[in-house]
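Enquirer: got a predicted structure here, sequence first:
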Amino acid sequence: MSLGPGVVGEAWPDMSPPGERPYIWINCASSLDGRLAFAHGKRARLSSIEDLRRVQRLRLRVDAILVGVGTVIADDPSLRVHRELLGEDPAASHDGMRSGPLRIVLDSHGRTPEGSQVLDGKQPTVVLTVEGCHRRFPPSITVGGFGRGRIGLKAAMRWLLKRGTRSILVEGGSEVISSFVREGLVDHWTLYTAPIAIGGRSAPTVMSGPDAEEPEAHVRFRLLSTEKLGDGLLTTYEPVRGPPREA
Ligand SMILES: NC(=O)c1ccc[n+]([C@@H]2O[C@H](COP(=O)([O-])OP(=O)(O)OC[C@H]3O[C@@H](n4cnc5c(N)ncnc54)[C@H](OP(=O)(O)O)[C@@H]3O)[C@@H](O)[C@H]2O)c1
């Protein structure tokens, strides 16, 4: 069943910045019971090959890919476009973009481990920290400090847009997705649900972070499309803006 523009048919939404920030697209893969990984955050390969290919096409469309330092520590992702999955030469240029999208890491206090793939200098990379963070990064890394204690996401997003980043793919993990959703920093969300049940207490859920202060402080989304993708299900949502609906 297809209920509107999805990704599989390559009908892409307009990714123009919706104001003083980049366009923000959240993408993640979860188990049937809404977990992003196995117990204690151990990486789970939840995407089917079809979904992995979709994500590579999506990575080629955006200006930047963003993750939190929790994901860097747990998974050590390269955040590169795996062109080999698309049947392309891994060294090929695409749309004039030889080195791939900008990589962005949210890392308030400089916890990104030395030797992490995101610090390898192979793609332009920004690490966002809080003001006054003393961690020294390799010269190839651009560092931006925003807020105290926790990174001020809205200010950081404005700064990124001013530097030319017009669209960002937020890939996780759980705490980062939670912050973007709670702060209203989302325009589009694709969720791949794998036919796997994980359960337990320590496997991270799609969203975590602090409890909402008000029970009504949820964010409502509108379903745009559903697609069977390999052995899983791809669902696409956009946020419903404006006052909350009466129950
Ligand atoms: N299935 C998937 O699609 C998928 C994708 C990605 C990750 N994952 C999984 O997700 C898990 C990691 O998730 P996680 O929640 O532990 O880590 P995370 O969301 O990747 O990173 C969270 C960390 O980012 C930093 N941060 C800085 N500013 C922040 C802000 N404004 N909001 C939120 N975080 C901010 C914080 O550390 P500091 O305070 O030190 O800055 C925070 O602890 C791993 O198990 C990984 O395998 C799954």
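Expert: That came through fine.

Enquirer: do the helix ranked longest in the chain and the ligand meet at all?
Expert: Scanning the chain for the longest helix, with DSSP state H as the assignment, gives helix 49-61. No - Helix 49-61 stays clear of the ligand (C-beta under 6 Å from any ligand atom), getting no nearer than 8.9 Å. No exception for glycine: its C-beta is placed from N, CA and C like everyone else's.

Enquirer: kindly format the C-alpha coordinates of that helix as PDB.
Expert: The C-alpha atoms that make up helix 49-61 are tabulated as PDB, following Å, rounded to 0.1, in the frame of the first residue of the first chain:
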ATOM      1  CA  ILE A  49      19.700  -4.900   1.800                       C
ATOM      2  CA  GLU A  50      16.900  -3.000   0.100                       C
ATOM      3  CA  ASP A  51      16.700  -0.600   3.000                       C
ATOM      4  CA  LEU A  52      20.500  -0.200   3.100                       C
ATOM      5  CA  ARG A  53      20.400   0.800  -0.600                       C
ATOM      6  CA  ARG A  54      17.600   3.300   0.100                       C
ATOM      7  CA  VAL A  55      19.700   4.800   2.800                       C
ATOM      8  CA  GLN A  56      22.700   5.200   0.500                       C
ATOM      9  CA  ARG A  57      20.400   7.000  -2.100                       C
ATOM     10  CA  LEU A  58      19.200   9.200   0.700                       C
ATOM     11  CA  ARG A  59      22.700  10.000   1.900                       C
ATOM     12  CA  LEU A  60      23.500  11.100  -1.600                       C
ATOM     13  CA  ARG A  61      20.600  13.600  -1.600                       C
END
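
Enquirer: packing partners for that helix?
Expert: strand 23-30, strand 167-172, strand 188-193, strand 221-229, strand 232-239 (3 or more C-beta pairs under 8 Å, 6 or more residues apart in numbering; DSSP states H and E).

Enquirer: do any residues in the second one lie close to the ligand?
Expert: To tie it back to what came earlier, the one meant is strand 167-172. Yes - using C-beta under 6 Å from any ligand atom, strand 167-172 reaches the ligand at 171-172.
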